[in-house]
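Colleague: Need coordinates for the following:
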Amino acid sequence: MPQPLSSKESSLFRQVIRNYEDKQYKRGLKAAEQILKKNPKHGDTMAMKALIINQQGRTEEAFALGKEALTADMKSHICWHVYGLLYRHQKNFEEAIKAYKFALKLEPESHQIQRDLAFLQIQMRDYQGYIQSRAAMLQARPQLRQNWTALAVAHHLAGNLALAEKVLTTYENSLKTPPSKTDYENSEAVLYKNSIISEMQEYQRALDHLESIAKHNLDRLAVLELRAEYLSKLGKKEEAADAYRVLLGRNSEHPEYYAKLVDSLDISADDHSARKSIYDEYAKKNPRCDAAKRLPLDFLVGDDFREAARSYLAFMLDKGVPSTFANLKHLYTDSFKKDALGSLAHEYFESKRASSDENTAANGEALKGEPAALYYLAQHYNYHSSRDLAKAMEFVDKGIDLLPKNVEFHMTKARIWKHYGNTQKASETMDQARKLDLKDRYINTKAAKYQLRNNESEIALKTMGLFTRSDSPGGPLNDLLDMQSVWYLTEDGEAWVRNGNIGLALKRFHAVYNIFDVWQEDQFDFHSFSLRKGQIRAYVDMIRWEDHIREHPFYTRAALGATAVYLSMYDSSQATNGVGGSADANGDEAAEKKKAAKKAKKELQKAEREAAEKAAKQDPNKPKGPAAELVRKDDDPHGLKLASTTEPLTEATKFVSPILQFSPKYLDGQVAGFEVFIRREKYLLALRCLNSALAIDASNPTIHEQVVRFRQILNSKVDSLPSKVAEVLKSEFTTIDASADLKKFNADFLEKHKDSPSHVISAIKIERLLGEDKKKSEKDIAGVLDMKDAQYEQAEEVLALLRQWRSSEADAFKTAAHEKWPEVTAFV
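Modeller: Here you go, the predicted structure:
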């Protein structure tokens with residue numbers, strides 16, 4: 001039975017709620033404790049106190065008090081609502097929804113509880129539950145347009161397009177006076193309704209509806225684009241062509257408008273002259289328009305292409321546009337166009353060099369004329385499909401001689417060194433480029449990236465610190481975490497892996513994982529904001545984007561990095577326990593880990609000492625600014641706890657599962673998934689990854705290794721598996737028959753791909769796995785160096801393997817590789 005409060009204490013309780021809403025937690029806590037002195041078992045006050053101390057970071061204490069409040073008053077909607085809020089703060093959304101529903105049973109009229117429940121349901125993509133919540137909110141407050149719109153969105157996301165349209169139409173018909181012409185919410189709502197009609201593929205009705213709202217709609221561009229799209233889909237070619245001409249009149253740089261205009265005019269793809277005349281028309285109207293001059297290069301061929309390319313290249317190089325090569329490099333997939341652009345750039349360079357004295361005097365330090373041609377040619381020979389690094393270096397050095405203070409030339413030279421494999425010179429050269437323009441954030445970021453690629457993590461952090469907040473309490477790294485600099489965290493993690501510090505590597509990869517969690521959680525703010533502001537189309541787009549957020553390359557790269565580290569940790573622990581490997585290797589690894597841990601501890605002590613010295617030097621009378629704000633202390637700054645996990649495969653599964661779910665066509669993700677599941681002895685899941693990988697690229701050398709390993713494991717363990725599992729494995733894994741000779745299968749693979757270094761490496765690894773003489777496999781794999789198409793990256797892989805096998809061939813191989821690729825840092 002709840003304790004009743006006196007009028008004075010009731011007033012004090014209302015003050016507690018106000019203090020919580022105003023984030024005045026100390027005052028709220030003080031007022032709550034005053035009430036609890038006289039009424040120690042008042043459930044609502046205990047619940048509010050739990051909510052306040054939770055905001056102060058005392059989560060465990062808050063949960064204990066929240067449960068105590070429920071015990072004191074099980075029939076209080078406030079107690080259940082607070083309990084749901086505590087679970088939501090812990091991201092346990094399922095339990096939070098249960099608590100909200102119980103609170104709603106006790107207080108069905110509470111708009112706040114209903115709203116919180118609805119936001120959790122849309123966050124969890126419980127569309128049916130969201131529809132019910134929104135319908136209840138609409139019945140309670142039908143005068144608010146956002147309640148109608150929200151119900152329409154709920155039906156839309158659940159796939160009930162007709163119902164979504166009906167809800168919006170019902171609201172429109174209920175209006176007694178038409179909305180103002182400047183009503184932004186109405187303008188967006190009617191366009192949203194139009195998009196729903198379009199999604200139902202009723203384009204004629206969508207067009208009619210668009211025509212009826214077009215006159216007073218505030219988003220003019222969206223109306224014009226939708227009108228052109230509908231006319232095109234309805235086959236009204238002439239009207240569609242006129243609509244796209246209107247759009248090109250507004251923006252002549254939009255490539256899609258040109259393509260749709262050509263399509264609307266029924267011009268054949270082979271009629272190059274007719275297609276080009278369209279672009280020429282707009283090039284004449286807008287002499288500064290780049291798209292009209294550049295886009296015809298995509299479809300022109302032969303002499304027509306050469307003439308158009310010559311004209312475009314001369315115009316851009318005369319003007320000195322640094323992005324000229326970036327604009328044209330997509331054409332390099334066509335060998336004729338690639339060669340033509342290279343020869344035209346040479347022609348231009350020779351013609352300008354003939355009059356270089358006049359040009360140099362006129363242009364001074366500008367990247368125009370001859371310097372622009374040198375810049376283009378350096379990039380041309382540095383590009384992967386036309387690569388000749390010696391020529392690229394020759395042209396970039398000539399450019400630097402002409403313009404010694406030009407940033408672009410130094411950046412290109414750094415990229416050339418990168419492609420040589422010389423990360424040291426690449427890092428130094430990019431830093432020289434940075435020093436030429438100390439106010440440019442982009443070149444500063446590039447310099448830091450190259451320093452990370454050269455494993456200079458501490459120097460890179462100082463470089464990044466030049467453009468972070470100087471008053472950031474945790475230094476540059478804390479500011480980069482606050483700014484969610486995913487690229488830096490990923491690169492830094494990979495650098496720490498190469499440096500052998502898996503603790504810091506995992507720390508960075510987990511930071512990236514958490515950032516994606518934050519991006520998902522950030523939706524909460526928009527569930528109410530977007531409806532309140534009427535930005536419905538953008539909101540629906542955001543919801544759909546969030547559903548696939550972890551297929552982003554930023555996530556997959558960091559996740560694969562973390563997965564590789566965890567797999568390595570598991571393999572090391574298995575070797576330590578005597579499952580394969582050698583005792584010497586295990587002892588060395590243990591010593592390395594101990595050394596790394598000792599180094600990390602020293603660095604932590606040094607950082608703490610420096611922080612203490614800095615604090616001691618501060619003037620106590622100086623007013624405290626933002627830097628004086630409390631920073632949440634990181635109890636594992638060097639990732640030692642992460643590196644000491646006893647369940648590396650569980651952690652690896654956490655990283656790799658979203659890749660398998662959202663990027664099933666990503667080969668490296670399926671490869672990583674197989675490696676995780678095969679170690680966990682989840683053979684059905686491993687087979688699913690393997691079959692997916694085979695469907696993507698059956699000839700991939702890594703897939704060949706996994707196929708043979710899987711068959712070998714099945715042959716040895718199939719009898720010990722449950723009968724149903726064994727039956728599925730036998731029926732679904734058909735790449736290699738159970739009775740097949742694995743050595744012969746591998747030999748056939750080697751014979752088929754004997755000219756491919758990557759395939760040869762994989763085949764030799766499998767030979768060794770199947771019991772081939774170790775000395776022979778080491779000599780065979782070292783022979784990859786003599787293969788015609790061998791690249792230094794493959795030589796690096798071989799060197800790593802030889803070291804892993806503790807082969808006596810490793811030193812000789814490294815020396816031979818250094819002679820073949822003298823610039824590669826890994827062989828120095």
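Colleague: Kindly state the pLDDT recorded for Ala447?
Modeller: Listed pLDDT for Ala447 reads 97.
Colleague: Spit out the contact partners of it.
Modeller: With contact set as C-beta atoms under 8 Å, 6 or more residues apart in numbering, Ala447 has these partners: 427, 430-431, 433-434, 463. Using the backbone N, CA and C atoms, a C-beta is placed for each residue, glycine as well.
Colleague: What's the separation between it and Lys435?
Modeller: Look at Ala447 and Lys435: by C-beta to C-beta, to the nearest Å, they are 9 Å apart.
Colleague: lowest-pLDDT helix or strand in the protein?
Modeller: helix 356-363 (a mean of 52; mean pLDDT, DSSP states H and E).
Colleague: Restricting to C-alpha, output the helix or strand that that helix is followed by in PDB.
Modeller: Next in sequence after helix 356-363, counting helices and strands by DSSP states H and E, comes helix 370-382. Output in PDB follows, covering the C-alpha atoms of helix 370-382 (Å, rounded to 0.1, in the frame of the first residue of the first chain):
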ATOM      1  CA  GLU A 370      53.300  22.900 -68.200                       C
ATOM      2  CA  PRO A 371      53.100  22.200 -64.400                       C
ATOM      3  CA  ALA A 372      49.500  21.100 -64.800                       C
ATOM      4  CA  ALA A 373      50.500  18.600 -67.500                       C
ATOM      5  CA  LEU A 374      53.300  17.300 -65.300                       C
ATOM      6  CA  TYR A 375      50.900  16.900 -62.400                       C
ATOM      7  CA  TYR A 376      48.400  15.000 -64.700                       C
ATOM      8  CA  LEU A 377      51.200  12.700 -66.100                       C
ATOM      9  CA  ALA A 378      52.500  11.900 -62.600                       C
ATOM     10  CA  GLN A 379      49.100  10.800 -61.600                       C
ATOM     11  CA  HIS A 380      48.600   8.900 -64.900                       C
ATOM     12  CA  TYR A 381      51.700   6.800 -64.300                       C
ATOM     13  CA  ASN A 382      50.900   6.400 -60.600                       C
END
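Colleague: tell me what helix 370-382 is packed against?
Modeller: helix 302-319, helix 324-328, helix 335-354, helix 356-363, helix 389-402, helix 407-420 (3 or more C-beta pairs under 8 Å, 6 or more residues apart in numbering; DSSP states H and E).
Colleague: 7 Å instead?
Modeller: helix 302-319, helix 324-328, helix 335-354, helix 389-402, helix 407-420 (3 or more C-beta pairs under 7 Å, 6 or more residues apart in numbering; DSSP states H and E).
Colleague: out of these, deepest packed?
Modeller: helix 407-420 (a mean of 22; mean count of other C-beta atoms under 10 Å).
Colleague: which parts of the helix or strand that comes right after that helix are buried?
Modeller: Next helix or strand after helix 407-420 toward the C-terminus (DSSP H and E): helix 423-436. Buried residues in helix 423-436, counted by 16 or more other C-beta atoms under 10 Å: 423-431, 433-434, 436.
Colleague: Nearest to Gln143 among the residues you listed?
Modeller: Comparing these against Gln143 with C-beta to C-beta places Arg434 closest, at 59.4 Å.
Colleague: Verify the stated contact: the closest one with Asn444.
Modeller: Yes. Counting by C-beta atoms under 7 Å, Arg434 touches Asn444, with 5.6 Å between them.
Colleague: CA-only coordinates of the helix or strand hosting Phe13 in CSV, if you can.
Modeller: Assessed by DSSP H and E, Phe13 sits inside helix 7-21. C-alpha atoms of helix 7-21 as CSV (Å, rounded to 0.1, in the frame of the first residue of the first chain):
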residue,chain,number,x,y,z
SER,A,7,0.4,18.7,0.8
LYS,A,8,3.9,20.1,1.7
GLU,A,9,5.6,16.9,0.7
SER,A,10,3.5,16.6,-2.5
SER,A,11,4.7,20.0,-3.4
LEU,A,12,8.3,18.9,-2.7
PHE,A,13,7.7,15.8,-4.9
ARG,A,14,6.6,18.0,-7.8
GLN,A,15,9.8,20.0,-7.3
VAL,A,16,11.9,16.7,-7.5
ILE,A,17,10.3,16.1,-10.9
ARG,A,18,11.0,19.7,-12.1
ASN,A,19,14.6,19.4,-10.9
TYR,A,20,15.1,16.2,-12.8
GLU,A,21,13.6,17.7,-16.0
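Colleague: now for it, which elements pack on it?
Modeller: The contact analysis (3+ C-beta pairs under 7 Å, 6+ apart) places helix 7-21 against helix 25-38, helix 43-55.
Colleague: what do you get if the cut-off is 6 Å, keeping everything else the same?
Modeller: helix 25-38 (3 or more C-beta pairs under 6 Å, 6 or more residues apart in numbering; DSSP states H and E).
Colleague: I'd like the distance between the residue lying closest to Leu377 once chain neighbours are set aside and Asp431.
Modeller: Using C-beta to C-beta, 6 or more residues apart in numbering and skipping residues adjacent in sequence, the residue nearest Leu377 is Phe395, 4.4 Å away. According to C-beta to C-beta, Phe395 stands 22 Å off from Asp431.
Colleague: same check, this time on Asp73
Modeller: For Asp73, the distance to Asp431 (C-beta to C-beta) stands at 65 Å.
Colleague: Could you list which residues are in contact with the spatially most central residue of the chain?
Modeller: The residue lying closest to the centre of the chain (C-alpha atoms, centre = their mean) is Phe554, at 2.6 Å. By C-beta atoms under 6 Å, 6 or more residues apart in numbering, the contact list for Phe554 reads Val486.
Colleague: Go through the host helix or strand of it and flag the buried ones.
Modeller: Assigning secondary structure by DSSP H and E places Phe554 in helix 553-576. In terms of neighbour count (16+ other C-beta under 10 Å), helix 553-576 has its buried residues at 554-567, 569-572, 575.
Colleague: Please enumerate the helices of the stretch 451-600 of the chain.
Modeller: Assigned by DSSP state H, counting those that start in this stretch, the stretch 451-600 of the chain shows helices spanning 457-465, 475-482, 486-498, 502-521, 523-533, 536-546, 553-576, 583-617.
Colleague: which one of these lies closest to His419?
Modeller: helix 486-498 (17.6 Å).
Colleague: That closest one vs helix 502-521, what angle?
Modeller: Angle, helix 486-498 to helix 502-521, by axes from the mean of the first three to the mean of the last three C-alpha atoms, to 10 degrees: 160 degrees.
Colleague: Need the contact partners of helix 486-498.
Modeller: 449, 452, 455, 457, 480, 504-505, 508-509, 511-512, 554, 557-558, 561.
Colleague: just how off-centre is it within its chain?
Modeller: Relative to its chain's centre, helix 486-498 lies at 14 Å (C-alpha atoms, centre = their mean, to the nearest Å).
Colleague: average pLDDT for that helix?
Modeller: Helix 486-498 shows a mean pLDDT of 96.
Colleague: Report the angle between it and helix 553-576.
Modeller: 20 degrees.
Colleague: what is the orientation angle of helix 486-498 with helix 457-465?
Modeller: 170 degrees.
Colleague: Contact partners for the closest residue to Met464 other than its chain neighbours?
Modeller: Distances taken as C-beta to C-beta, 6+ apart place Ala448 nearest to Met464, at 4.8 Å, with adjacent residues excluded. Going by C-beta under 6 Å, 6+ apart, Ala448 touches 460, 463-464.
Colleague: any idea which of those residues is closest to Ile52?
Modeller: Comparing the contacts of Ala448 against Ile52 with C-beta to C-beta places Met464 closest, at 37.7 Å.
Colleague: Distance check, that closest one against Lys91.
Modeller: Met464 is 30 Å from Lys91, by C-beta to C-beta.
Colleague: repeat for Lys533
Modeller: 26 Å.
Colleague: likewise Glu229?
Modeller: 40 Å.
Colleague: which of those two has more neighbours?
Modeller: Glu229 (19 against 10; other C-beta atoms under 10 Å).
Colleague: which regions of this protein sit below the pLDDT cut-off?
Modeller: Low-confidence segments of the chain, defined by pLDDT under 70: 1-3, 356-365, 576-632.
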